[in-house]
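[1] Take this sequence and fold it.
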Amino acid sequence: MKFKNLLVILAATIMLSACADWIFRIDIPQGNFLDEKDVEKLRIDMTKEQVAYVLGKPVLEDAFDHDTWYYLYQMKRGMKQRGEDFRKELTIKFVNGNITEVTGDFELSEDFDIPLDQ
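    Numbering: from 1, shown residues only. Now for the predicted structure:
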């Protein structure tokens with residue numbers, strides 16, 4: 001009798017584990033999604049207002065240094081068939097309210113060092 005119950009439990013466990021791939025899990029995006037063409041619009045000496053217009057407000061502003069903005073985007077995939085998890089970062093530093101440095105996972109345009117005023 002115990003062997004029959006154990007066999008039923010084992011068979012049910014195997015059948016249910018085969019259904020694990022049928023469960024739909026959503027992707028979880030977090031942060032500011034930045035498009036490459038928007039990042040290419042950045043130029044040296046742009047003001048904070050101009051950057052906010054082009055990229056939107058940053059997801060994180062340093063509480064101790066208001067002249068550093070962080071744009072972060074992370075995608076956690078619910079299912080491996082839709083791709084791998086990834087993370088993109090962009091850090092913008094300002095001096096006197098104007099861009100002086102941009103670092104991160106995005107390519108800047110060739111014209112980045114040419115201010116908009118010229």
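
[2] Identify each buried residue in stretch 102-118, please.
    102, 104, 106, 108, 112 (16 or more other CB atoms under 10 Å). Any C-beta I mention is one placed from the backbone N, CA and C, and that applies to glycine too.

[3] And stretch 35-51, by the same measure?
    Buried residues in stretch 35-51, counted by 16+ other CB under 10 Å: 39-46, 48, 50-51.

[4] still on that earlier bit, which two in the buried residues of stretch 102-118 are spaced the farthest apart?
    Taking CB to CB, the two most distant members of the buried residues of stretch 102-118 are 104 and 112; they sit 12.7 Å apart.

[5] thinking again about what came up before, could you dump the buried residues of stretch 35-51 to CSV with distance to residue 12 and secondary structure?
    As requested, the buried residues of stretch 35-51 are arranged in CSV below (distance: CB to CB, whole Å; DSSP: H, G, I helix; E, B strand; the rest coil):
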residue, distance to residue 12, secondary structure
39, 53, helix
40, 56, coil
41, 58, coil
42, 58, coil
43, 64, coil
44, 65, coil
45, 67, coil
46, 63, coil
48, 61, helix
50, 62, helix
51, 58, helix
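
[6] can you put the residues you listed in JSON lines and add distance to residue 25?
    Output for the buried residues of stretch 35-51, formatted as JSON lines (distance: CB to CB, whole Å):
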{"residue": "39", "distance to residue 25": "30"}
{"residue": "40", "distance to residue 25": "34"}
{"residue": "41", "distance to residue 25": "35"}
{"residue": "42", "distance to residue 25": "35"}
{"residue": "43", "distance to residue 25": "41"}
{"residue": "44", "distance to residue 25": "43"}
{"residue": "45", "distance to residue 25": "45"}
{"residue": "46", "distance to residue 25": "40"}
{"residue": "48", "distance to residue 25": "38"}
{"residue": "50", "distance to residue 25": "39"}
{"residue": "51", "distance to residue 25": "35"}
